[in-house]
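just need the structure, nothing else, for what follows:
(one chain, ligands or ions: 2)
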Amino acid sequence: MKLFTAEQIRALDRYTIEHEPIASIDLMERAAQAFTDWFVQHYPASRPVAIFCGMGNNGGDGLAIARLLQAQRYTVQCFVMKLKAQGSDDFETNLQRLQELTTVTLLERAEQLPVALPDDALLIDALFGSGLDRPVEGFPAQLIQFLNRTKLPTVAVDIASGLFADRPNGSGDVIVKPEATFSFQFPKLAFLLPGNAQYVGEWYVGDIGLHPEVIQQTETSWFYTDAAAARALLQPRTRFSHKGNFGRALLIAGSYGKIGAAVLSAHACLRAGAGLTSALIPQCGYKIMQTALPEVMVMTAGSNKKIVSDFPPLGAYDAIGVGPGLGKDFKTAKALGGLIEKMISPMVIDADAINLTAENQAWLAKLPRQSIFTPHPKEFERLVGPVANDYERLARAKEFAQRYQCVIVLKGAYTAVVLWNGEVHFNTTGNPGMAKGGSGDALTGILTALLAQEYDSATAAKLGVYLHGAAGDLAAQHNGMIAMTATDLIEQLGHAFEQLNHA
Ligand SMILES: NC(=O)C1=CN([C@@H]2O[C@H](COP(=O)(O)OP(=O)(O)OC[C@H]3O[C@@H](n4cnc5c(N)ncnc54)[C@H](O)[C@@H]3O)[C@@H](O)[C@H]2O)[C@@H](O)CC1
Ligand SMILES: [K+]
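Ligands and ions are numbered 1, 2, ... in the order given. Coordinates of the predicted model:
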């Protein structure tokens, strides 16, 4: 699915108004109706609702929602933040429609705060939407601070007031902290960035019927991978397949005390469908791996028992994943440098292999094209240097991916898959229960398995990250987010594939 900037969304709104055609006031009514339909499913009519509206179209939505909720027998109080004499046309029309039914309280200055609200009130924030063009200050900021201080559950219309849809906010910006956001037609880029979590809450998207043709034609480099998008990436496995078709995968992983990382990545590789899975590990891990995973073929190399210090010729493998638990011994580094120089097919580079690459940046020029890096934020900064915020992190990842013709998987909530062609694909699966040791090792195994099955790097990264998160969600359902482990996730991979197959 595509993601658009606020400016592009405005253009899509305009196009829809002209070409559907539909009057802009009717499009607003459609948006308000979509919000209301969602709201009545989630919040009972027994709780009083207080709606805070600005004077732009976001406020217009709020006024229409007030009217529609009242028709559904909600007790509604409506407030308008009056900053100027005249609001947008559709705001004014909706104000008139509402005032025919009920009174609207105008809020013009700080002395009117705090306003009295019932203890069990639900708040709806319709102060500013995607038209926000500067940080909120003065009276609007005081009003937002008041709303946040009430600690009452708040739902944002389209986007939390004060949050920019597609550019960074300053650290001191005043922004509504909703428990949920109901957004029109598309999630905003801001929703997918980890630093904004408290300004988004759970987010939902309602279809308001923007013109499908123009959505298709409007170009963007931002996407998100939902079930439909992931389903389209999955290759069918036929009755005539045999293990040779599904590729030979190799994991180079583990060091003394971290053989578990090698086991987890190899286990995930098996579960993600590699035809043959091999592991190159230090000697100390030999029995552990053979016992834990009888399906895996195990190689050890080098004279040091505790680390991988030598790579034998590895031409027989279709895909190699390197890094989990590997350690950063200089002998391992030397061997990895040699491997990178020799390899021609894309590799998966994780954990200590990323750290070693960060310390040996000359390797980057020799890296097989379309290799996949899977850094968490700290590892990414080791690779490119410090970054100031989520937007800068994405920009640097795009630059890096383009320069070295690789894929960067920026791990986190909404893991971002950044491609060499400048595209960024945010993942939609996964949960905080996955923020645990071993989770990344599992991802490396999955990605290596998909590369071995001849998925190209971009597809492997998008699909693998999606499946990893989906398996994590299933593990959370069975074990709970607190107790779930990386092994639980790996054991759900089969169900994650099945679920996707039937999506
Ligand atoms: N355009 C359309 O057809 C539709 C728009 N919709 C709604 O319209 C919203 C966008 O509406 P608008 O473009 O009118 O913008 P907003 O309602 O977000 O508000 C913009 C107004 O606030 C002012 N403003 C911006 N930043 C400010 C700040 N920091 N302090 C004080 N004033 C500030 C602007 O100058 C402008 O007057 C969307 O978020 C959505 O809720 C929906 O009704 C769906 C259809
Ligand atoms: K809002």
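
contacts and neighbour counts: CA atoms only from here.
Noted.

what is the burial count for A116?
7 (other C-alpha atoms under 10 Å).

what does the stretch 1-150 of the chain have sitting close to ligand 1?
10, 13, 24, 27-28, 31, 56-59, 61, 128-136 (C-alpha under 6 Å from any ligand atom).

whichever of those residues end up buried, select them in ChimeraX.
Of those, the buried ones can be selected in ChimeraX as follows, counting by 16 or more other C-alpha atoms under 10 Å:
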select :13,24,27,28,31,56,57,58,59,61,128,129,130,132,135,136
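
out of the residues of the stretch 1-150 of the chain next to ligand 1, who's near ligand 2?
Applying C-alpha under 5 Å from the ion to these, one finds that F128, G129 fall near ligand 2.

looking at the residues of the stretch 1-150 of the chain next to ligand 1, which are in strands?
Among those, the subset assigned to strands under DSSP state E is empty.

which residues sit in contact with T374?
Shown in contact with T374 (C-alpha atoms under 8 Å, 6 or more residues apart in numbering): V348, I349, D350, A351, I354, I408, V409, L410, K411, T444.

for it, what are phi and psi?
Dihedral angles phi and psi of T374 (degrees, to the nearest 10) take the values phi -120, psi 60.

what domains does the record give for this structure?
What automatic domain parsing lists as the domains of the chain is 6-219, 230-501.

for the last one, what is the average pLDDT?
Across domain 230-501, the average pLDDT comes to 95.

check the shortest one too.
Taken as a whole, domain 6-219 has an average pLDDT of 97.

how about the strands in the stretch 301-450 of the chain?
Applying DSSP state E, counting those that start in this stretch to the stretch 301-450 of the chain gives strands spanning 319-322, 347-349, 372-373, 407-410, 416-418, 424-427.

ok, which of those comes nearest ligand 2?
Minimum separation from ligand 2 across the strands of the stretch 301-450 of the chain (C-alpha to the ion) falls at strand 424-427, 23.2 Å.

other SSEs contacting the closest one?
strand 222-225, strand 416-418, helix 457-483 (3 or more C-alpha pairs under 8 Å, 6 or more residues apart in numbering; DSSP states H and E).

where does the stretch 401-503 of the chain get nearest to ligand 1, which residue?
F426 (21.8 Å; C-alpha to the nearest ligand atom).

let me know how buried that residue is, in neighbour terms.
F426, neighbours per other C-alpha under 10 Å, totals 27.

can you name the residues that contact the nearest residue to P194 once chain neighbours are set aside?
Counting by C-alpha to C-alpha, 6 or more residues apart in numbering, P194 lies nearest to A413, which is 6.3 Å off, once chain neighbours are set aside. Residues counted as contacts of A413 (C-alpha under 8 Å, 6+ apart) are L192, L193, P194, G430, N431, P432.

write out the residues of the stretch 1-150 of the chain neighbouring ligand 2.
So the stretch 1-150 of the chain meets ligand 2 at D125, A126, F128, G129 (C-alpha under 5 Å from the ion).
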